[in-house]
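**Q** Just to be clear, the model below is a prediction. Sequence and coordinates:
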Amino acid sequence: MDNIIKNIAILGSTGSIGTQTLDIIEEYPDKFRATVLTAKANWQLLAKQARKFLPKRIVIADPSAYRFLKEALSDLDVEVACGQEAIAEAAAIPEVDTVVTAMVGYSGLIPTVEAIKAGKTIALANKETLVVAGEVIYDMLKHSSSEIIPVDSEHSAIFQCLVGEKTSQARKILLTASGGPFRKLTASQLENVTVADALNHPNWDMGAKVTIDSASMMNKGFEMIEAHWLFGCPAENIEIVVHPQSIVHSMVEFNDGSIKAQLGIPDMHLPIRYALGYPERLATDRPGLTLAQYGNLTFEAPDYQKFPLLSYAFDAIKAGGTMPCILNAANEKGVAAFLAGRIRFTDMPRLVRHVMDNTPSISNPTLEDLIATNSDALARSDEWLSRNS
Ligand code: MG
């Protein structure tokens, strides 16, 4: 195992998780190779990455950027492709061992499906894939040699707590949340927060979509659904614990009352390194955690009234079927509208509630049902936005 190089495909290589994954590949040149890199639209950075890491193939989703990318790399022996289908195709090429799904939102679904069909190891950073299609994905995994290793820091923590344990002896997941930048605001103060306020996360440096989701606590709702599928844990056995210091990345309680936790500095390089190295731990020179520097680690219950999206996530998983897909689609529209200055922060849960209440949910959905429901919920969100923004 030690001398085998793992070939990595990074879907979303120019984003926050993507660039940090490339840091890890650079840190261990004898263990990993960047074989496929894909991006949505940032062709300049993708070209720079291709020049540095010399992957076999790169793909840009945005067709208008393809010509520039191709021209910029005309002197390199790198395959250049474009479009969403080419991304899904690149994830499944035989040279690839592990696919890091680091793209944003719903766009992660189809490439992940293709990678599973091709038997790849999935280093899952795109939580929306499991929110939208957890049932379909886990059904596919039963018939595939593919496995999912979580990259999300909380799920990496839970995964690590469960190593060497019987899952059947775990009785509860304690999913920690920083509480985001608005933890201490009153409900009325929350009405007037700006985009800049919401983008200013206290602990984690992340992309815009997940940072807004963290501020609204939608992110924690998604992570609850993600944990439900990853660890086969009923939602009622997942407890959200607000832990503002983000040092305890999550915990598992066992049937003897014992709790295991995983701790570390809030740095995504940790869970990415673990996911790529698994089952090995990879030694690093990067600094670890100095607990005395933090002094106090605190824990409190979340405020479901102030952050209704968190309770809508529990509603959605309880309803099952396509309801989590509807939740995700409405939230994607809500986040985009908030970032564009069209609606207020507190309009996001109003939009999501409206779309959840007015889009029919289908039980035991197929992938096609999910694709149709996603379009349906996006259209309903647009209707609401045109009336309310
Ligand atoms: Mg997380």
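**A** Structure received. Residues are numbered from 1 along each chain as shown.

**Q** all contacts plus neighbour counts: C-alpha atoms, from now on.
**A** Will do.

**Q** Now do Q189 against N42, distance only.
**A** According to CA to CA, to the nearest Å, Q189 and N42 sit 36 Å apart.

**Q** Domains in the chain, by residue range?
**A** 6-150, 155-388 (automatic domain parsing).

**Q** Let me know which of those domains is tucked in deepest.
**A** domain 6-150 (a mean of 21; mean count of other CA atoms under 10 Å).

**Q** Can you give me the first-to-last residue distance of stretch 173-191?
**A** OK, stretch 173-191 end separation, CA to CA: 32 Å.

**Q** Repeat that for stretch 264-283.
**A** 14 Å.

**Q** ditto for stretch 333-348
**A** Termini of stretch 333-348 sit 9 Å apart (CA to CA).

**Q** Could you look up the SS state of the residue sitting furthest away from the middle of the chain?
**A** Using CA atoms, centre = their mean, the residue of the chain lying farthest from its centre is D75. It sits 34.8 Å away. Put simply, D75 is coil when judged by DSSP: H, G, I helix; E, B strand; the rest coil.

**Q** What's the per-residue pLDDT of it here?
**A** Confidence at D75, expressed as pLDDT, is 97.

**Q** Can you tell me how far it is from T346?
**A** D75 is 50 Å from T346, by CA to CA.

**Q** cool, K209 as well?
**A** The value you get for K209 to T346, if CA to CA is used, is 16 Å.

**Q** And for G12?
**A** From G12 across to T346, the span is 29 Å (CA to CA).

**Q** Tell me where the longest helix sits in this protein.
**A** Assignment by DSSP state H gives helix 367-388 as the longest helix of the chain.

**Q** if I read this right, L54 contacts V78, doesn't it?
**A** Yes: using CA atoms under 8 Å, L54 is in contact with V78, at 7.0 Å.

**Q** show me the residues around I326 that make contact.
**A** Residues in contact with I326, defined by CA atoms under 8 Å, 6 or more residues apart in numbering, are 132, 355-356, 359, 361, 373-374, 377.

**Q** nearest to I265, of these?
**A** V132 (29.7 Å; CA to CA).

**Q** Would you verify that the closest one is located in a strand?
**A** No: according to three-state DSSP, V132 belongs to no strand; its state is helix.

**Q** Okay, the residue nearest to it when sequence neighbours are not counted and P181: tell me how far apart.
**A** Nearest residue to V132 in three dimensions, chain neighbours excluded: C325, at 4.1 Å (CA to CA, 6 or more residues apart in numbering). Noted for C325: a distance of 26 Å to P181, by CA to CA.
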